[in-house]
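**Q** give me coordinates for this.
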Amino acid sequence: MKKVILTLALVSLWGLWGLSAQTIRYVTPNGTGNGSSWHQSSNSIQAMIDTVYNKGGGEVRVAQGVYIPTDIPYVPSPSNPATPRDKSFLLKPKVSLIGGYSAVDTLAARDWQVYPTVLGKGPYEYNSPYHILTAVACTDTIRVEGFTVQYGLAYDAAVTNLGSIDIGGYEVERNRGGMAVYNSNIKLKDMRIKNNSSVEGGEIYCNASSLILENVRVDTNSAYGITNNSVGGGISCRESFIYLSNVTIGVNSDHSGGGLYLLNSTVKGEKASILKNISARGGGVYMGSRYGMEHFLQNSRI
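**A** Down below sits the predicted model:
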């Protein structure tokens, strides 16, 4: 009996050690520190994501305020040149990004509606980032919670093809979504995603990925195309799985799939509202597939 109790105690201590080993870094708009505490907060979300990643994973906690991407998410080269609009917050494996903290009262409970934490500054400008958030090869599920994501502009009326960039061996197209997700598993919770524009996936573009949305509103986004190329005014998924729980996708527009565009992808979930979206084909949802796909939305409105 004593051996069993001792074993359980050691297992519990090991579990607590594992939790405490997770690195946490803190960001406030006016921080000047190394991010090790709220009192030593940094003002750079990307620097803290990189720090936590290099330490094996954990969380970056972000206080109320408006933050814009300041870093190019790859190393430019003659064959892979950069433009100022390539700046993006690059998510990394095992690093979750959590907003909704008070910038003043460090003991206040997190509340994303009371303490709005905004990624992207509006309105649109000629140098607005193509992607506000980018995720590449984040195969361990990471969380992004408590943010408003806005004013990504992956579109240029004067340029037919914006080209692509190479991030970690993945071709990331510049005209894909305010949030671009490639080969990643992402959970979005307590979010509003608005006023983003692109050729495909006005707000979110996911490719070969798994995307979970919980308590998220995706609205007032658009996908523009030179001809009929614009698809997924709200969300576009290719070869992906998406789960919706208490999600509203509304007032989005494009040519195909005003709210949600699915190509060889599956959608499941509950309490989803896909309403007031505009499109020539599939105002709410457009589904295209080379083979049979299973879709299931319970207690939802389209």
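
**Q** show me where the stretch 1-150 of the chain has its helices.
**A** 2-20, 45-54 (DSSP state H, counting those that start in this stretch).

**Q** rank those by pLDDT, which is bottom?
**A** Among the helices of the stretch 1-150 of the chain, helix 2-20 carries the lowest mean pLDDT, at a mean of 42.

**Q** T248: helix or strand, and which one exactly?
**A** T248 belongs to strand 241-250 when elements are defined using DSSP states H and E.

**Q** contacting residues around C237?
**A** 206-207, 209, 211, 260-263, 265, 267 (Cβ atoms under 8 Å, 6 or more residues apart in numbering). Glycine gets a C-beta too; all of them are placed from N, C-alpha and C.

**Q** turn those into JSON lines, including pLDDT and secondary structure.
**A** Putting the contacts of C237 into JSON lines (pLDDT from 0 to 100; DSSP: H, G, I helix; E, B strand; the rest coil) gives the following:
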{"residue": "C206", "pLDDT": "92", "secondary structure": "strand"}
{"residue": "N207", "pLDDT": "94", "secondary structure": "strand"}
{"residue": "S209", "pLDDT": "97", "secondary structure": "coil"}
{"residue": "L211", "pLDDT": "97", "secondary structure": "strand"}
{"residue": "L260", "pLDDT": "85", "secondary structure": "strand"}
{"residue": "Y261", "pLDDT": "83", "secondary structure": "strand"}
{"residue": "L262", "pLDDT": "86", "secondary structure": "strand"}
{"residue": "L263", "pLDDT": "87", "secondary structure": "strand"}
{"residue": "S265", "pLDDT": "93", "secondary structure": "coil"}
{"residue": "V267", "pLDDT": "93", "secondary structure": "strand"}
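
**Q** please name the nearest non-neighbouring residue to T117.
**A** Nearest non-adjacent residue to T117, counting by Cβ to Cβ, 6 or more residues apart in numbering: G99, 3.2 Å away.

**Q** my read is that R85 contacts Y151, right?
**A** No: contact criterion Cβ atoms under 8 Å: R85 and Y151 do not qualify, at 11.9 Å.

**Q** identify the contacts common to the two.
**A** Common neighbours of R85 and Y151, counting by Cβ under 8 Å, 6+ apart, are S128.

**Q** pairing partners for the strand holding T248, with directions?
**A** Sheet pairing of strand 241-250 (DSSP bridges) gives strand 210-219 (parallel), strand 266-275 (parallel).

**Q** give me the contacts around the first one.
**A** Contacting residues not belonging to strand 210-219 are listed as 141, 181, 184-194, 203-204, 234-235, 237, 240-252, 259, 269 [Cβ under 8 Å, 6+ apart].

**Q** need the buried ones from the residues you listed selected in ChimeraX.
**A** Selection of buried members from these for ChimeraX, criterion 16 or more other Cβ atoms under 10 Å:
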select :181,184,185,186,187,188,189,190,191,192,193,194,203,204,234,235,237,240,241,242,243,244,245,247,248,249,250,251,252,259,269
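
**Q** confidence-wise, which of the strands paired with strand 241-250 is weakest overall?
**A** Here the strands paired with strand 241-250 differ in mean pLDDT, and the lowest is strand 266-275 at a mean of 90.

**Q** what values do phi and psi take at Q40?
**A** Phi and psi for Q40, reported as degrees, to the nearest 10, are phi -110, psi 30.

**Q** from the chain's centroid, how far away is the strand holding T248?
**A** Remark: strand 241-250 is offset 14 Å from the chain centroid, using Cα atoms, centre = their mean, to the nearest Å.

**Q** who's in contact with it?
**A** Identification of contacts with strand 241-250 by Cβ under 8 Å, 6+ apart yields 206, 209-219, 234-235, 259-260, 262, 265-277, 297, 300.

**Q** what subset of those is buried?
**A** Among the contacts of strand 241-250, those classed as buried by 16+ other Cβ under 10 Å are 206, 209-219, 234-235, 259-260, 262, 265-267, 269, 271-274, 276-277, 297.

**Q** tell me where the stretch 1-150 of the chain has strands.
**A** 23-27, 58-63, 65-67, 89-91, 95-101, 117-119, 133-136, 142-145, 148-150 (DSSP state E, counting those that start in this stretch).

**Q** out of those, nearest to Q46?
**A** strand 89-91 (6.0 Å; Cβ to Cβ).

**Q** which outside residues touch the closest one?
**A** With contact meaning Cβ under 8 Å, 6+ apart, strand 89-91 is reached by 45-46, 49, 67, 69, 71, 73, 97, 119, 132-136, 138, 142, 144, 167, 184, 186.
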